Each structure stands twice: as C-alpha cells, then as structure tokens.
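[1] any chance you can model this:
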Amino acid sequence: MKSAEMLKEKVRNGFMVEGLEDMNDEYLKALKQTLVIVGDTELLSVPPLLTVYNQAPTLNNKITALAIMQDEIGHAHIAFRLLKDLGEDTDELLYNREANRWKNPYAFDFELSNWIELGVFNALFDRAGYTLLGDAGKNTSYGPWRRALVKVDKEELFHLRNGEIIMKTAMKDPELQEKVQKAVDWMFLMALEFFGVEDSLKSRSQQLEYKLKGKTNDGLRQQWLSTAVPFCESIGVKVPAHYDEKQEKYVIDVPFPCKFDVENKRWLFDQPDTWENVIKRFKSRGPHNQQFVERIQRGAKEMEQLRKEVV
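    Numbering: from 1, shown residues only. Next up is the predicted model:
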C-alpha cells in the first residue's frame, strides 16, 4: 500500500490507478463510496420511469423509454461489476440491503405523475448524471472507471436529449404547457441537490484529492445550470435561477436549500432550510423508496424462495 501523500501526488501528475495494488485504504474507500452511489443512482432511476411508461403517446416514445431504462441498468451493471472487482459482495449490496440504505438521489424516491414528467426527468436529472459522470470521465484517476465512462457519457447525452424533445414538443401544445412547468417547479431544485452540499461546508474531499472527480460540488452545480437554465428559457419554461453578469455565475433566485412538501411535491420557498436538514431528509428517504427497492430485489428473493422449496 502507498502512503496517502505519495499517491495523491502521483495521481495529480497523471498516474492512472488500475488495480488494488495501486491503491491505499483511503483511496479504496472513496472509490467504493463513489461507485455505490453511481450504481444505486443508475439502478433506482428505472422504477420511477416505469410508473408512467404505459402513458407513452407513441410506439417510438415507448421504444426510446425502454432503451433509456436498459441503458441505466447497464450503467448500474458497470458500477457494481467494478465494485465486485474491488472485493465487494455485490449480491449482498443489491439484494439484501435495506431500502433506506441505498444511496440514490432523493428525487428517485417519487412516482412520476404523467408522461411529461418523464421528459423533465430525462432533461434535468439525466443532465445531472451527464454532468457528474462527464466530469469523472475526464478526470478520474481510476482507469477501469474512466474507460467505462466513454460509453456511459454518450448514452446519458441521448437520455437528456430525449427529455428536451419531449419538453419542446409539449411546450408547443397549450394544453401541455402547464404540465411541463409544474414538473420543472419541483424537479429543478431536486436536480440541484444531486451535486451535494455547498463547498463551504466541506472541510476536505478525498474524491478531489485522489482525482476521482475534477470539479467541486458547486462547480458541477454551476456547470449544470449553464445548460439547464438556457434550455428552459429557450422554450418558455420559468426556472428559479438566472445568470448574474456582475458575479459571472448563475444565481439561484429562491432559498436553497429550502423545505419540501413531500405530499404535494412542492418547495416551500418561505421556509429556508439547512444542508444538515437536507441530509436528514435524504437519509429518511422518500415515499416510494421501499416500493422501488423491493421491485429491484423481488426477482432474486423469489428465486431464493423457490430454491428453498425445491430443497
């Protein structure tokens, strides 16, 4: 095992970590944490999409939605396969972990209400995935992960473009415009939360120090805003953020973070919150967390029960 400072210096100078022999315990722990979050996020993005899959207005929409879900499962497979190579018991992680211990974004613990929300989900949430994984693909010091992300990057771009098409099409229909705006109203800040706590609250980050990612949380949030805000504005959707010329950055126009009305999927802008409380909300999980995880685990548990009955 290498000393921490020596390994950090090596990866800063371009060294690519290829296997366990190149890592120290700290690097391995940070890498595993990163891959678990990615794997959970990719896999748990599928159940919300399935809640409105049957509402697809055309056969082409259905085929595209299925392709996206297949991609997400494939991305999860990559992350969990890498975790297995690193010594993790992936069967235990996937099929025996309690629902509230999964690390997917809080936004994925909600059913979608309609087909338009699936489009906004792709346009905003997959844009967050594209931002995060694109950054990792350019900067990660873990070679197997960087090579795998070449494929993932292209597919996440396809997902967000599908969402943009659905939103653009809907905004041309006066009867659907309100649905687009309503979906953006609750999903926009959810997407901003994907990037984690603000930089001022982080004393250190092994992900940055070991080059598992390139930009800070706030830097990635700004990158997401730089494409999400102009897109929404270009099709007539209102968002609570704008570009500030003096500060030369995007500014959020409402309290962030703030409290969220879970039952009505509505942000309470008159009730600012703290990141400490947001983390508590994340850990408490959303209303369909249990249901969605059970859907992922059901097949394996049913197969195990069948084996017991045969024996």
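[2] going by C-alpha atoms from here, please, whenever you check contacts or count neighbours.
    Fine.
[3] do a quick rundown of the helices in the stretch 101-250 of the chain.
    115-120, 126-139, 143-171, 177-193, 206-209, 217-234 (DSSP state H, counting those that start in this stretch).
[4] and of those, who's closest to Thr64?
    helix 143-171 (8.0 Å; Cα to Cα).
[5] the closest one: which residues count as buried?
    By neighbour count on 16 or more other Cα atoms under 10 Å, the buried set for helix 143-171 is 145-146, 149, 152-153, 155-164, 166-168, 170-171.
[6] one step back: any chance of JSON lines for the helices of the stretch 101-250 of the chain, columns mean pLDDT?
    Below are those laid out as JSON lines (pLDDT from 0 to 100):
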{"stretch": "helix 115-120", "mean pLDDT": "98"}
{"stretch": "helix 126-139", "mean pLDDT": "97"}
{"stretch": "helix 143-171", "mean pLDDT": "97"}
{"stretch": "helix 177-193", "mean pLDDT": "98"}
{"stretch": "helix 206-209", "mean pLDDT": "93"}
{"stretch": "helix 217-234", "mean pLDDT": "98"}
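[7] could the ones you listed go into CSV alongside distance to Lys84?
    Formatted as CSV, the helices of the stretch 101-250 of the chain follow (distance: least, Cα to Cα, whole Å):
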stretch, distance to Lys84
helix 115-120, 32
helix 126-139, 20
helix 143-171, 13
helix 177-193, 28
helix 206-209, 20
helix 217-234, 27
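[8] any idea of the angle the biggest strand by length in the chain forms with helix 177-193?
    If you go by DSSP state E, the chain has its longest strand at strand 266-272. Interaxial angle of strand 266-272 relative to helix 177-193 (axes from the mean of the first three to the mean of the last three Cα atoms, to 10 degrees): 50 degrees.
[9] can you name the next helix or strand after strand 266-272?
    As assigned by DSSP states H and E, the chain's next helix or strand after strand 266-272 is helix 275-284.
[10] which outside residues touch that following helix?
    100-101, 105-106, 197, 257 (Cα atoms under 8 Å, 6 or more residues apart in numbering).
[11] what are the buried residues along that helix?
    Neighbour counts using 16+ other Cα under 10 Å place 275, 278, 282 of helix 275-284 among the buried residues.
[12] just the closest of the residues you listed to Lys32, please.
    Within those, the smallest distance to Lys32 is 19.6 Å, found for Phe282 (Cα to Cα).
[13] out of the helices of the stretch 101-250 of the chain, which comes closest to Asp91?
    Across those, closest to Asp91 is helix 143-171 (Cα to Cα), at 20.3 Å.
[14] thinking again about what came up before, out of the helices of the stretch 101-250 of the chain, the one nearest Gly19 is which?
    helix 143-171 (8.6 Å).
[15] just the buried residues of the contacts of helix 275-284.
    Listed as buried from those are 105-106, 197, 257; burial here means 16+ other Cα under 10 Å.
[16] so Pro47 touches Phe292, yeah?
    Yes. Counting by Cα atoms under 8 Å, Pro47 touches Phe292, with 5.8 Å between them.
[17] how far away is Asn264 from Arg204?
    Applying Cα to Cα, to the nearest Å, the value for Asn264 to Arg204 is 36 Å.
[18] got the buried residues for the helix or strand containing Leu93?
    Assigned by DSSP H and E, Leu93 falls within helix 90-95. The neighbour-count check on helix 90-95 (16+ other Cα under 10 Å) flags 90, 93-95 as buried.
[19] for stretch 202-210, same thing?
    207-210.
[20] for stretch 231-239, same thing?
    By 16+ other Cα under 10 Å, the buried positions in stretch 231-239 come out as 232, 237, 239.
[21] and of those residues, the nearest to Arg81?
    Set against Arg81, the nearest of the buried residues of stretch 231-239 by Cα to Cα is Cys232 (36.3 Å).
[22] what sits against that closest one?
    Cys232 sits next to 238-239 when contact means Cα under 8 Å, 6+ apart.
[23] now it: how far from Val184?
    9 Å.
[24] intersection of neighbour lists for the two?
    Counting by Cα under 8 Å, 6+ apart, the residues touching both Cys232 and Val184 are Val239.
[25] run a quick neighbour tally on Ile63.
    13 (other Cα atoms under 10 Å).
[26] contact partners for Glu209?
    Lys8.
[27] again, but for the one 5 residues further on
    Taking Cα under 8 Å, 6+ apart as the contact definition, Gly214 lies against 135-136, 138-140, 208.
[28] scan the residues you listed and report the most crowded one.
    Using other Cα under 10 Å as the neighbour test, those are led by Thr140, with 27 neighbours.
[29] what pLDDT is listed against that one?
    Predicted confidence (pLDDT) at Thr140: the value is 97.
[30] could you measure it against Met16, distance?
    Note on Thr140: its distance to Met16, by Cα to Cα, is 8 Å.
[31] quick one: contacts of stretch 69-81?
    Stretch 69-81 is contacted by residues 35-36, 38-43, 45-46, 49, 90, 148, 152, 155 when judged by Cα under 8 Å, 6+ apart.
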